[in-house]
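# Quick one: sequence plus predicted model below, questions after.
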Amino acid sequence: MTPLFQQIITYALLPTLALTGGGLLALFIRFGLQARSAILHFAAGVVFSVVAVEILPDVVRLHDPLRTVVGFGMGIGLMLLIRRLTERPGEVSPGDGVTNSATVPIGKSVPSFSVAFLLAIGVDIFIDGLLLGIGFAAGAKEGILLALALGVEVLSLGLATATSLSEANIPCQRIIGLLLGLSTLFFASTVGGATLLHNLPETGLDILLSFGLAALLFLVTEELLVEAHEGPEKPWLTATFFAGFLLFLILGMVA
């Protein structure tokens, strides 16, 4: 095992542990409605910043409109299809504001969790791992700084994911299993990004990044922010979105 590969594994563990730790923290500390909204706003700001700082510039640099359209269309099409297929009769997409009284008993709330939300998180984690692996392939310094920045992002995602799952009355053991699965996915995609995708042709990279771009935008606009707006809005809650965006923007500049 080369020293660089050992370094990749070491720093890949930082975001991996942050993701798991953030999720476990949300399981053992019951956040109120405003705290949950703040976590979701912050996570949305960080993910949106990842799109603007890390992914979009690379898509523009590759400058292939046709493949960008193909990758973006595949990403948004898949997320919409997943949402459509995973909705049960009487279940309402977030933000619809209407429930089917024939299938939802009076006094029972419709769970906010959706499979589309979890899969969008999974795509985000997968793309983040690839970016970290490619960052280490470009240079050790870039990889280390990117690992620190992604650690902040996945920490907030772990908090948001576990909070949403617990609000949907998902059993704790299943939530922990899902968190471990997401953490494993991040670690595996980091190693894959540093090895297998280092020599990936720009054609494939453009489609992959465009696919991730669409999935992350879907995650922010249709899942995180929709859930964050379920309760009363206050200015400081909205400000957490911009705080998350600014934090990752600064970390991206340093990296």
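Structure received. Since this is a predicted model, take the numbers as computed values, not measurements. Numbering: from 1, shown residues only.
# could you pull out the helices for the stretch 101-250 of the chain?
With DSSP state H, counting those that start in this stretch, the ranges of helices along the stretch 101-250 of the chain come out as 115-138, 140-167, 172-195, 202-218, 225-228, 235-254.
# got those as a markdown table, with distance to residue 11, mean neighbour count and mean pLDDT columns?
The C-beta positions use only the backbone N, C-alpha and C, and glycine is treated the same way. Compiled in a markdown table, the helices of the stretch 101-250 of the chain are given as follows (distance: least, C-beta to C-beta, whole Å; neighbours: other C-beta atoms under 10 Å; pLDDT from 0 to 100):
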| stretch | distance to residue 11 | mean neighbour count | mean pLDDT |
| --- | --- | --- | --- |
| helix 115-138 | 8 | 23 | 78 |
| helix 140-167 | 4 | 24 | 80 |
| helix 172-195 | 9 | 18 | 89 |
| helix 202-218 | 21 | 21 | 84 |
| helix 225-228 | 30 | 22 | 84 |
| helix 235-254 | 14 | 16 | 88 |
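# Any chance of those in CSV with distance to residue 50 as columns?
Shown next, in CSV, are the helices of the stretch 101-250 of the chain (distance: least, C-beta to C-beta, whole Å):
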stretch, distance to residue 50
helix 115-138, 7
helix 140-167, 6
helix 172-195, 13
helix 202-218, 7
helix 225-228, 15
helix 235-254, 6
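# So which of those is nearest residue 53?
Closest of the helices of the stretch 101-250 of the chain to residue 53 is helix 235-254, at 3.7 Å (criterion: C-beta to C-beta).
# how about the closest one as CSV, C-alpha atoms only?
Only the C-alpha atoms of helix 235-254 are listed here, as CSV (Å, rounded to 0.1, in the frame of the first residue of the first chain):
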residue,chain,number,x,y,z
PRO,A,235,-35.5,35.0,9.9
TRP,A,236,-32.7,33.3,11.8
LEU,A,237,-33.8,29.9,10.5
THR,A,238,-33.6,31.2,6.9
ALA,A,239,-30.2,32.7,7.8
THR,A,240,-28.8,29.2,8.6
PHE,A,241,-29.2,28.3,4.9
PHE,A,242,-26.9,31.1,3.9
ALA,A,243,-24.5,30.3,6.8
GLY,A,244,-24.1,26.8,5.4
PHE,A,245,-23.6,28.1,1.9
LEU,A,246,-21.0,30.6,3.0
LEU,A,247,-19.1,28.1,5.2
PHE,A,248,-18.6,25.7,2.4
LEU,A,249,-17.9,28.5,0.0
ILE,A,250,-15.0,29.7,2.2
LEU,A,251,-13.7,26.2,2.7
GLY,A,252,-13.8,25.7,-1.1
MET,A,253,-11.8,28.8,-1.6
VAL,A,254,-9.2,27.6,0.9
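# Quick one: distance of that helix to the chain centre.
Going by C-alpha atoms, centre = their mean, to the nearest Å, the spacing between the C-alpha centre of helix 235-254 and its chain's C-alpha centre is 15 Å.
# So which elements touch it?
If you count contacts as 3 or more C-beta pairs under 8 Å, 6 or more residues apart in numbering; DSSP states H and E, helix 235-254 packs onto helix 33-50, helix 140-167, helix 225-228.
# tilt between it and helix 33-50?
Regarding helix 235-254 and helix 33-50, their directions subtend 30 degrees when assessed with axes from the mean of the first three to the mean of the last three C-alpha atoms, to 10 degrees.
# ok, and what's touching helix 235-254?
Helix 235-254 has contacts (C-beta atoms under 8 Å, 6 or more residues apart in numbering) with 34, 37-38, 41-46, 48-50, 52-54, 145, 148-149, 152-153, 156, 225, 228.
# how about 6 Å then?
Helix 235-254 is contacted from outside by 37-38, 41-42, 44-46, 48-49, 53, 145, 149, using C-beta atoms under 6 Å, 6 or more residues apart in numbering.
# Quick check: the farthest pair among those residues?
Farthest pair in these, by C-beta to C-beta: 37 and 145, 30.0 Å.
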